[in-house]
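# Just the structure for this:
(chains A and B)
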Amino acid sequence: MPETNDAFVRFVDVQKSYDGETLVVKNLNLDIAQGEFLTLLGPSGSGKTTCLLMLAGFEPTTHGNITLDGRAINNVPPHKRNIGMVFQNYALFPHMTVQENLAFPLEVRRMSKGEVEGRVRRVLDMVRLGGFEHRRPAQLSGGQQQRVAVARALVFDPKLVLMDEPLGALDRQLREQMQYEIKHIHDNLGVTIVYVTHDQGEALTMSNRIAVLNHGEIQQLATPDTLYEEPQNAFVAQFIGENNKLLGRVTSMNGMNCSVEVDGGGKVEARAVNIEGVGSRTMLSLRPERVQINPPDGQFPNVFEGRVEELIYLGDHIRTRVSVCGDDDFIVKVPNASGHAALRKGDDVKVGWAIEDCRALDV
Amino acid sequence: MAIADATVQGITVDGVPLKDKLRRATRTSRVRAFLLVTPLLLFITVSFVLPIADMLFRSVDNPRISSLLPETVAALEQWDGKKLPDEAAFAALAKELKLRREDRNLGKAATRLNYERGGMRSLITKSARKLKRVERGPYKEAMVEIDEKWGQRETWAAIKLIGKRYTLVHYLAGVDRRFDADGNVVTQPEVRRIYITIWGRTLWVSLLVTAFCLLLGYPIAYLLATLPLRQSNLLMIMVLLPFWTSLLVRTTTWIVLLQSNGVINDILVWVGILSDEGRIRMIYNMTGTLIAMTQILLPFMVLPLYSVMKTISPSSMRAAQSLGANPFTAFVRIYMPQTVPGVGAGSLLVFIVSVGYYITPALVGGSTGQLISNFIAYHMKSSLNWGLAAALGAILLAGVLAIYWLYDRVVGIDNMKLG
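Predicted coordinates for the structure are as follows:
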């Protein structure tokens, strides 16, 4: 099979249970291409870290195979897998200096002293920490420790690097900066990265593809833009980005589209994505920035009367909470463009949206 | 702007120096803190600082002979020690021996002199008895006639030495040394040599106990720190249970187990590994002391080790393995170095406690398992040579302080974690 050769990392029918009763990972099948930046994204308890630990070799699979570069690695101990790993709390060795931390993977590979020094210097320059060789981890800031951890996972040239929520302990600004740095390192080195996070912003910023996990199953595996714009089910729509949900029943199907009778009143035309057929329950998903306040007549097939409940000024846009179709938690992002409509609380407005922006999903 | 300027000069806005203001603001809390620790401070002073000061004083204090035989001591002051002292010294001693015999203090003086030089007790009592009949001088000939030892300058040198109010003889005796007749420090005669052996044995036993505790305690502490909570709690109780049991109970339990007709020997004979005549002697010797002390001091090793191991992130072992180190290398190069503060604290604790250990060697040590503290106790209770006991105690204290200092230099006391 040609796909087999393409995939650098393959999970084939992988299952994992810790207690012999519940499956933490349910039948996972996943192919990761060489040089890809793949993110496992999911809430806590979704099994994403377990997947990573199985790939690193710290947890055995209960069922199924994992192959790395065409080789089954189920019985290869962690230290022979040649996989770099960045841990959530960095796991730097506190009794060693930065230099010693970085030299450790090279020394256990019995590299010559000169080569060790050269590689350590190169990797330190790469993470812009030249001059910090003789500091101990405790003498570094969180961001610097993070960079050392990344450098250590890369210094022995692994083909695959795993990152387990590596930015979780950093403050927001530093986290964003580090996201770009890791992304650039990935672009420059061409190394395959499997990244675990629960932060969707992080996942969208950095990844080539994102696998959204919930309850040990992949909900959707797609590029960031597809994932955001074309969620395949209610969980993904809710988990990625902000989402307005309208619950209702399908009344008729019309090719790609369908009509939905919303519980709170009103009939909405929507794109049929993941519904069972006429009469089934559905959740309509609608991004707040795709809704327009007081649209020109005839622009949208879906136009409803609403009332402004709350306005929150956020600089680049105004977050407007509207009650529409019986849902008083309907959010509309009004861009702070020149000459935008000046709304006040209690105003009666019209809201409208296009068919393709409103996706009928499972419940 | 004004406030910023004022603080730069160390003055608050109302013109009071910043330091005074701060001191006033924190005075109440400082007074309260001091009052809270006052009872403890008093207790430590009375029960710890004063006894140690007293011990150090007694180790050099030597009042007995200078108060019981003051004229003799004064007469010997001029004596150069080359030949026999002159008649004045003989006369003074003869007079004072008779006086002490009458007021029944002769025994005390005789005992004190006997500590320094064997045979002095009988010499003194015999001489005092016979001197009763010598009414007048010259005493020199009379005393030499009573016992020819009075014609030896070593006898007089001993009296002169012990007559000094403050002396280092106890310290010298504590390391098997003494002053000879010419005032040089020499080794004790072979029959009186004992303390060097005991000091050596004490150090050796303490080192062995520390090593055994480390060997046995390290894996236990590792399990405690890494097992799931349920199992580690059970294990912790098993570590602490003996710790809470009375020391005497534990020591006597070892007697029950280890003695010649004890549980272990009985089982070995019953199984057939030993013949009934070939029972192993495991107690009332060094072996008994080692076994019992190791078991008793084990928690002092396990608890500091555990508290350090608990703080070592499990991901650091994983990180080492993901970086290519096999589990053994990861353990030796990553885990063990991080436990050094615990190893240091535990070893220091066990070593210092065992150097001064008394009750267990006393009960199970027999004659070959006695440590220095048993001899201190002997001199406190039986021989009543408190000066020597104090000197031995002071040497022990100095040794412990030296170990502590050494540890601080090598490992750093700040690195120590006791829990």
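# where along the stretch 301-419 of chain B do the helices fall?
B:314-322, B:327-330, B:336-338, B:340-355, B:359-364, B:372-381, B:386-410 (DSSP state H, counting those that start in this stretch).
# Would you mind giving those as CSV with mean pLDDT added?
Below are these laid out as CSV (pLDDT from 0 to 100):
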stretch, mean pLDDT
helix B:314-322, 92
helix B:327-330, 94
helix B:336-338, 94
helix B:340-355, 92
helix B:359-364, 91
helix B:372-381, 94
helix B:386-410, 91
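# who are the neighbours in contact with residue 285?
Picked chain A for this. Residues in contact with residue A:285 (C-beta atoms under 8 Å, 6 or more residues apart in numbering or on different chains) are A:231, A:234, A:237-238, A:243-245, A:358-359, A:361. (C-beta placed from N, C-alpha, C; glycine too.)
# That was the other one, I meant chain B.
B:365-369.
# Just the buried ones from the residues you listed, in PyMOL syntax?
To isolate the buried ones among the contacts of residue B:285 in PyMOL, judged by 16 or more other C-beta atoms under 10 Å in any protein chain shown, type:
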select buried, chain B and resi 365+366+369
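# out of the contacts of residue B:285, who's nearest chain A?
residue B:369 (39.1 Å; C-beta to the nearest C-beta).
# So what does the closest one look like in phi/psi?
Residue B:369 adopts backbone torsions of phi -110, psi 20, taken as degrees, to the nearest 10.
# Please name the nearest non-neighbouring residue to it.
residue B:289 (3.5 Å; C-beta to C-beta, 6 or more residues apart in numbering or on different chains).
# what's the pLDDT at the one you found?
In this model, residue B:289 is scored at 92, pLDDT.
# OK, contacts around it?
Neighbours of residue B:289 in contact, by C-beta under 8 Å, 6+ apart: B:205, B:360-361, B:364-365, B:369, B:371.
# Out of the residues you listed, the closest to residue B:411 would be?
Set against residue B:411, the nearest of those by C-beta to C-beta is residue B:205 (22.8 Å).
# so which helix or strand takes in the closest one?
Assigned by DSSP states H and E, residue B:205 falls within helix B:195-226.
# Determine the set of other helices and strands touching that helix.
Judged by 3 or more C-beta pairs under 8 Å, 6 or more residues apart in numbering or on different chains; DSSP states H and E, the packing partners of helix B:195-226 are helix B:229-244, helix B:286-311, helix B:340-355, helix B:372-381.
# what about whatever residue of the stretch 51-200 of chain B ends up closest to chain A, neighbour count?
Going by C-beta to the nearest C-beta, chain A is nearest to residue B:200 of the stretch 51-200 of chain B, at 35.3 Å. Look at residue B:200: counted by other C-beta atoms under 10 Å in any protein chain shown, it has 11 neighbours.
# so which helix or strand takes in the residue in the stretch 201-350 of chain A positioned nearest to chain B?
Residue nearest to chain B within the stretch 201-350 of chain A: residue A:202 (20.1 Å; C-beta to the nearest C-beta). Assessed by DSSP H and E, residue A:202 sits inside helix A:200-206.
# How about exporting that helix as PDB, limited to the C-alpha atoms?
Provided in PDB are the C-alpha atoms of helix A:200-206 (Å, rounded to 0.1, in the frame of the first residue of the first chain):
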ATOM      1  CA  GLN A 200      -7.200  25.900  20.400                       C
ATOM      2  CA  GLY A 201      -5.500  29.200  19.700                       C
ATOM      3  CA  GLU A 202      -2.100  27.500  20.000                       C
ATOM      4  CA  ALA A 203      -3.300  24.700  17.800                       C
ATOM      5  CA  LEU A 204      -4.600  27.000  15.100                       C
ATOM      6  CA  THR A 205      -1.400  29.200  15.100                       C
ATOM      7  CA  MET A 206       1.100  26.400  14.800                       C
END
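# what about the next helix or strand after it, average pLDDT?
Toward the C-terminus, helix A:200-206 is succeeded by strand A:209-214 as the next helix or strand (DSSP H and E). Here strand A:209-214 scores 95 as its mean pLDDT.
# ditto for stretch B:118-138
Here the average pLDDT along stretch B:118-138 is 86.
# how far is it from where the chain is centred?
39 Å (C-alpha atoms, centre = their mean, to the nearest Å).
# same question, stretch A:33-53
9 Å.
# Many thanks, we can stop here.
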